[in-house]
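Asks: only geometry, no sequence info:
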């Protein structure tokens, strides 16, 4: 079984400050990890994904995340927050069916990011 | 990029009526489509997985007779909420995946449909 824990349901930063959104996962097989962003009343947009290649993954809008197997973490960062980054962020995990995992995406509860001017 | 649309974007209906939501992959063929439900300020919960030309696989606790899913073509899946009740009011989101058969493919999400049952 796979699960995701996002630490902090709300994160508030100042414009220009570092953004750090935390995600820890649990998986019995090598995981695939994803970060999605959701703006109000909209669907999810993929920010980045890890599928067992490079551990540091760069995504859209200046976001990146690092897969750390020893810490079972996949934290999302951005060096300098912009007002337009204010949204809900979801971390998700799945796994290769070939490795005995589940293809289904399991989502964390989300972290709402507020960016203050 | 891969684009997924949903129609309608929002719907209000009376209790007891049925509502159909469409999910379309606009620029790729989606072998697999997923339907999620999202309650206010909560995460997405997978309702069912549908593969083109076969019956949908429902998650535990989801009533398949209430939430009818049809994946009749490689670009269209529909979710019908039958005999809707106020507790069915929610945000329904679909996603689509190409499934090239070897590597894990990304799910691309639609914009969602907000259903309000009066």
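Replies: Received, thanks. This one's a predicted model, so the numbers in the text were calculated from it and none came from an experiment.
Asks: which ones are touching the residue found closest to residue B:29 once you drop the neighbours it is linked to in the chain?
Replies: Residue nearest to residue B:29 in three dimensions, not counting chain neighbours: residue B:74, with 3.9 Å by Cβ to Cβ, 6 or more residues apart in numbering or on different chains. Placement of C-beta: from N, CA and C, glycine included. Residue B:74 is in contact with B:25, B:29, B:30, B:31, B:52, counting by Cβ atoms under 8 Å, 6 or more residues apart in numbering or on different chains.
Asks: Buried members of those into PyMOL, please.
Replies: Per 16 or more other Cβ atoms under 10 Å in any protein chain shown, the buried members of those correspond to this PyMOL selection:
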select buried, chain B and resi 25+30+31+52
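Asks: Going by distance to chain A, which of the contacts of residue B:74 wins?
Replies: residue B:31 (11.6 Å; Cβ to the nearest Cβ).
Asks: Where does the residue nearest to that closest one when sequence neighbours are not counted sit: helix, strand or coil?
Replies: Nearest non-adjacent residue to residue B:31, counting by Cβ to Cβ, 6+ apart: residue B:99, 4.0 Å away. When classified by DSSP: H, G, I helix; E, B strand; the rest coil, residue B:99 comes out as coil.
Asks: who's the residue nearest the centre of chain B bridged to?
Replies: In chain B, the centroid-proximal residue (Cα atoms, centre = their mean) is residue B:35; its distance is 3.3 Å. Beta-bridge pairing for residue B:35 (DSSP bridges): residue B:48, residue B:94.
Asks: Hmm, the residue nearest to residue B:31 is touching residue B:32, no?
Replies: Yes: with contact defined as Cβ atoms under 8 Å, residue B:99 counts as touching residue B:32 (5.3 Å).
Asks: Pairing-wise in the sheet, spell out the partners of residue A:22.
Replies: residue A:7.
Asks: What about residue A:96, how many residues nearby?
Replies: Using other Cβ atoms under 10 Å in any protein chain shown, residue A:96 has 18 neighbouring residues.
Asks: This completes my enquiry, with thanks.
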